[in-house]
Every structure is written in C-alpha cells, then in structure tokens.
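coordinates only, sequence not included:
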C-alpha cells in the first residue's frame, strides 16, 4: 500500500494536517511532504489552503474517490487471504447511532471479539443521519441505526425491536395525574434529541399518526446524547421520549418513571445497514455474529 495515499486519505477525511499527523503517528512536516509529493506526481493541487483551513480541490475529490476504492480492495484482500490461516484477520469499520453505541453494541462486539480475536473493529459514533452519510461515503462498511430514512442506496435489515417510552423524574409533580392524554402533551416541557437523530424522527412520525403535531410541543432544549437527556431529566421537571433500553437502569433504581399516554404507543426496530448490492465477506461474518447473538434469522 502506498503510504502517501494513506496520508492523503487521512488528511482528506480530517481536513486538518495536525489531526492527520497525530492519527498516523508522524510529524506535520512529514504529512506536508507526502501531500507535496503526490501533487508533484499528478501535477495538480489536491488541497486549497485558506489560512488554517483546507478543502479538497476537484482533483483531490477524484483522488479521494479512487483511494477509498483502493483501500476497500486492500481490506478485502487481507480478510480473504487470512481464510487460509487458522485465525481470520482484517479491519471492520462499523458505525452505530447514539442509543445503540451506548446501550446495545458492547455485548455484540465482545461476543465477536471472543470468536475473532485477530479482526480489528473501528467504531464510529454519531446520530442516524451521520452514520448513513458515513456509509454512503464509504467511511464504514456496516452501520447500526435507530431510524430508517429509506435512502434508496442503503439496505435496511431489522434486527432488534425497541419501544420509546415517555419518562420523567420520579419526583415530578405531574405524576399526581392518573392518566395522560395526547392533549396533555402540549402543556408539558420536553427535552429532545437534535435534528438528524433517528429517535427524534420516529417520535415525530408516531405523534403525527396520533394526531399531535411535534411543533405543538414545548421543547425546552435539544441535546446531542441520550445520557445528557437523562441527566437533564434527573435535575428538572421535564419529560422525554426515550428508548426502553436506555433507561432500564434508572427505572430499576426508581430515578425515572414511565408514563402511559392514552392512545400512543411508539415501537420501532433497530436496523443493520449496508450499501445496496455491496456486502463483503468480513461484513457478512459480523452480521451473522449479530444474528447468532440475538438468535435471529437474517
């Protein structure tokens, strides 16, 4: 593998010479030298430099596209050739959206590592939109997400059922009310995830189906992680719709409590996502491990 291409690829993804140098364990002048050599080889600029910021030139974008393909082929060669040895080897780049990376994926990764100790897994965290974009841009081979945006270039495989429940602090004064109606939701203050979150997308769809506009809710704050939402709830009288997987510990400890809303049930699946028509052997091996872990037929 041409190390100069690896340097270029890292800089192109990070758009930062210093971060690329740190990631590659080389000096920043060495990064600059490798990029300069590539630019001399192809007789064109690969990056536009504007002060401390850099951006890919049209030539740089083309080189990045082919570099991704080259690295995909190298990765598949390494894995396929390792099939002739007792221990399989390779690198799997996996992406998981927030709820899954925090509460679902760890037992799956541990199970996979016990069976395939020489396969390295790199895990990218982000919301559903970010994970789907990483898959489309070939920064990962597999994603596990909370929503289903129905992107035509992505294959969605349902693998685990989830329920989103309305929760609040167990000391919330609203708990004196015996039953919560859909109309009551409009007078309650909510904490939600940010735009691009699969969870938020599912909540909006379910409310709309039940006749409640999301814009009718009083949103006190949008936060970027499930943990930050839980922490906020524990210190306020706000409410949030959250995955039952994410709040199981707090429910057992009676820190949070589930509220039933008349006429509202929010169920969804978590999805394994791959690019349509493109699943390599290593990705298939990991997907089969998930199926085995949850006793599923995928």
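That came through fine. Bear in mind that the values here come from a model prediction, so they are computed numbers and not experimental data.

partners of residue 243 in the sheet?
Legend: beta-bridge partners of residue 243 under DSSP bridges are residue 164.

and it, what does it touch?
Listed by Cβ atoms under 8 Å, 6 or more residues apart in numbering, the contact partners of residue 243 are 99, 103, 146, 162, 163, 164, 199, 226. C-betas here are computed from N, CA, C, even on glycine.

So which of those sit within helices?
99, 103, 199, 226 (DSSP state H).

ok, now how distant is residue 220 from residue 233?
Residue 220 sits 11 Å away from residue 233, going by Cβ to Cβ, to the nearest Å.

Then residue 278?
Applying Cβ to Cβ, the value for residue 278 to residue 233 is 41 Å.

just checking, what packs against the longest helix belonging to the chain?
Counting by DSSP H, the longest helix found in the chain is helix 58-82. Contacts defined by 3 or more Cβ pairs under 8 Å, 6 or more residues apart in numbering; DSSP states H and E place helix 58-82 against helix 3-14, helix 28-42, strand 90-97, helix 281-293.

For the shortest one, buried residues please.
This means strand 90-97. By neighbour count, with 16 or more other Cβ atoms under 10 Å as the criterion, the buried positions of strand 90-97 are 90, 92, 93, 94, 95, 96, 97.

for the first one, same thing?
Judged by neighbour count (16+ other Cβ under 10 Å), helix 3-14 contains these buried residues: 5, 6, 7, 8, 9, 10, 11, 12.

Rounded mean pLDDT for whichever helix or strand comes after it, please.
Where DSSP states H and E defines the elements, the next helix or strand beyond helix 3-14 is helix 17-24. Helix 17-24 shows an average pLDDT of 91 in the prediction.

Stretch 72-81 now?
80.

what do you get for stretch 53-61?
94.

which residues sit against it?
Stretch 53-61 is contacted from outside by 11, 12, 15, 16, 17, 42, 44, 45, 46, 47, 48, 64, using Cβ under 8 Å, 6+ apart.

Please enumerate residues in contact with stretch 288-298?
Stretch 288-298 is contacted from outside by 107, 108, 111, 112, 115, 116, 157, 159, 160, 272, 287, using Cβ under 8 Å, 6+ apart.

Which strand or helix spans the first one?
By that I understand residue 107. helix 105-115.

State the next helix or strand along the chain beyond that helix.
strand 119-126.

what angle separates that next one from helix 281-293?
Going by axes from the mean of the first three to the mean of the last three Cα atoms, to 10 degrees, strand 119-126 is angled at 80 degrees with respect to helix 281-293.

Quick check: phi and psi on the nearest residue to residue 260 once chain neighbours are set aside?
In this structure, residue 260 finds its nearest non-sequential neighbour in residue 180, 6.8 Å apart by Cβ to Cβ, 6 or more residues apart in numbering. When read as degrees, to the nearest 10, the backbone of residue 180 gives phi -110, psi 130.

isn't residue 180 right next to residue 257, touching?
No. Residue 180 lies out of contact with residue 257 (Cβ atoms under 8 Å); the separation is 12.0 Å.

Let me know the distance separating residue 213 from residue 38.
Distance of residue 213 to residue 38, given as Cβ to Cβ: 53 Å.

more neighbours, residue 278 and residue 233?
residue 233 (23 against 13; other Cβ atoms under 10 Å).

any idea which helix or strand carries that one?
Per DSSP H and E: residue 233 is located in helix 226-234.

Give me the packing partners of that helix, helices and strands only.
When contacts are defined as 3+ Cβ pairs under 8 Å, 6+ apart, helix 226-234 packs onto helix 98-103, strand 154-169, strand 189-193, strand 218-223, strand 239-243, helix 244-252, strand 256-259.

Can you get me the centre-to-centre distance for that helix and its chain?
19 Å (Cα atoms, centre = their mean, to the nearest Å).

which residues sit against it?
Residues from elsewhere that reach helix 226-234 (Cβ under 8 Å, 6+ apart): 98-99, 102-103, 167-169, 191-193, 221, 223, 238-240, 242-243, 246-247, 250, 255-256.

No further queries at this time; thank you.
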